[in-house]
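Asks: I would like the atomic coordinates for the input below:
(one chain, ligands or ions: 1)
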Amino acid sequence: MIAPNTSMTPTPGTPSLGMAPTIEVRAATAQDLGQVIAIDTEVTGIEKVDYWYELFHRYGSRTLKQRSFLVAADGAEIVGFIIGEVRDWEFGSPPCGWVFGLSVKPSSRLSGVATLMLDSICAGFARSGVKKVRTLLARDNGLVMSFFRSQGMVAAPVIALERDL
Ligand SMILES: CC(C)(COP(=O)(O)OP(=O)(O)OC[C@H]1O[C@@H](n2cnc3c(N)ncnc32)[C@H](O)[C@@H]1OP(=O)(O)O)[C@@H](O)C(=O)NCCC(=O)NCCS
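Replies: Now for the predicted structure:
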């Protein structure tokens, strides 16, 4: 499991992080799933309980080394999650890290939580030996685009294609 424990002390007075002194980024546990589902439901407006349990089964703590499902914990409260994996030679590209799930609780945003989680998952990818991280996002999701651009990510030399079935 690529799951380094990372923590930070938020800027004093940061309102969204309240009284808690430290955010810890760690591997998700089964006990965290209820709060992860609640964040995802709040952010996307769709509750997907079966999806999250299946994802945890595949990416949670008992799974393969190249997969990572991390949460940001503010004490007992889960304030964000990030999910990714190293994919080998997909579409002919050398192995690289992919981030495919990222959300921070609205009340905990703009305090560096997503930055901390991305740093943590990228550190795990780097330890696996890959040199690049990629993600996919909706073209009209300006918020997520602003976040990834702030982290130094730029357009990749690949494009996504689709058709109706
Ligand atoms: C994108 C998201 C993960 C950012 O989380 P966060 O913890 O607030 O991000 P950070 O505090 O680490 O922000 C880092 C940088 O991102 C950029 N950023 C973050 N939120 C921003 C906003 N609302 N507007 C513009 N830039 C923003 C800024 O450059 C920021 O740096 P700064 O605070 O020094 O200006 C969070 O807003 C979120 O969960 N959005 C919904 C995600 C989503 O749609 N998920 C479903 C599909 S996967």
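Asks: Do a quick rundown of the strands in this protein.
Replies: For the chain, applying DSSP state E gives strands covering 6-8, 23-27, 67-74, 77-87, 96-104, 133-135.
Asks: residues near Trp98, how many?
Replies: For Trp98, the neighbour count with other CB atoms under 10 Å is 18. For the C-beta atoms, the positions are set from N, CA and C on the backbone; glycine is no exception.
Asks: Surely it touches Val130?
Replies: No: assessed by CB atoms under 8 Å, Trp98 is found out of contact with Val130, at 9.8 Å.
Asks: which neighbours do these two share?
Replies: Both Trp98 and Val130 are contacted by Val86, under the criterion CB atoms under 8 Å, 6 or more residues apart in numbering.
Asks: still on that earlier bit, tabulate the strands of the chain in JSON lines, adding columns for mean pLDDT and distance to the ligand.
Replies: Formatted as JSON lines, the strands of the chain follow (pLDDT from 0 to 100; distance: least, CB to the nearest ligand atom, whole Å):
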{"stretch": "strand 6-8", "mean pLDDT": "65", "distance to the ligand": "10"}
{"stretch": "strand 23-27", "mean pLDDT": "96", "distance to the ligand": "10"}
{"stretch": "strand 67-74", "mean pLDDT": "95", "distance to the ligand": "8"}
{"stretch": "strand 77-87", "mean pLDDT": "96", "distance to the ligand": "6"}
{"stretch": "strand 96-104", "mean pLDDT": "96", "distance to the ligand": "4"}
{"stretch": "strand 133-135", "mean pLDDT": "97", "distance to the ligand": "9"}
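Asks: just the ones you listed: most buried one?
Replies: The highest mean neighbour count among the strands of the chain, using mean count of other CB atoms under 10 Å, belongs to strand 67-74: a mean of 24.
Asks: Summarise which helices and strands that one is packed against.
Replies: Contact partners of strand 67-74 among helices and strands, from 3 or more CB pairs under 8 Å, 6 or more residues apart in numbering; DSSP states H and E: strand 23-27, helix 49-59, strand 77-87, helix 113-127.
Asks: centre of the chain versus the shortest one, how much separation?
Replies: Chain-centre distance of strand 23-27: 11 Å, with CA atoms, centre = their mean, to the nearest Å.
Asks: That strand versus helix 113-127: what angle between them?
Replies: 40 degrees (axes from the mean of the first three to the mean of the last three CA atoms, to 10 degrees).
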